[in-house]
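In: Here is a sequence with its predicted model. Questions after.
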Amino acid sequence: MEYFLPTLGSLLTQAPVLLTWIIGIVLAIIFWRKHPAVSGLTLLAISGFLILDIVNAYLNIRLPSLLLEQGVSPSNSMPIFIFRGVISSIINAVLWILLLFSIFGWRRKDKAKVDEN
């Protein structure tokens, strides 16, 4: 519980982005019947973004003290932070790929009409 308020404070600094993700989730649910595939991928990607932001906010607060509790010095903890950043970046990229696929991947190629004059 001691990390709840600092994590909440960190999340409040990201309020515009988090609100955007929540609006996106609501829109994906609203348009589910019209476009189930697009809405499903969008819902998956945006939910992932929201969860990733919450987890990152918590880890930004909790990880330094956890490492100190385990006896890891700040200079020795740098590889852990780098690894966490790389993993977060990879997850972020995968979520963006899902979102881009939901926007552009569902469209079929239009067949060129040939005028026979």
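Out: Looks like it came in fine. Since this is a predicted model, take the numbers as computed values, not measurements.

In: Show me what counts as buried in the strand or helix carrying Tyr58.
Out: Following DSSP states H and E, one finds Tyr58 within helix 36-69. For helix 36-69, a neighbour-count test (16 or more other CB atoms under 10 Å) marks 38-39, 41-43, 45-50, 53-54, 56-58, 61, 67 as buried. Glycine gets a C-beta too; all of them are placed from N, C-alpha and C.

In: Grab the most central residue of this protein for me.
Out: Using CA atoms, centre = their mean, the residue of the chain that lies closest to the mean C-alpha position is Phe49, 1.6 Å off.

In: okay but it is in contact with Trp21, surely?
Out: Yes: Phe49 lies in contact with Trp21 (CB atoms under 8 Å); the separation is 5.2 Å.

In: nearest spatial neighbour of Phe101, skipping sequence neighbours?
Out: Counting by CB to CB, 6 or more residues apart in numbering, the nearest residue to Phe101 once its immediate chain neighbours are dropped is Leu41, at 6.2 Å.

In: pLDDT weak spots in the chain?
Out: Counting by pLDDT under 70, the chain shows low-confidence ranges at 1, 106-117.

In: Report how many residues lie close to Ser89.
Out: Other residues lying near Ser89 total 10 when counted by other CB atoms under 10 Å.
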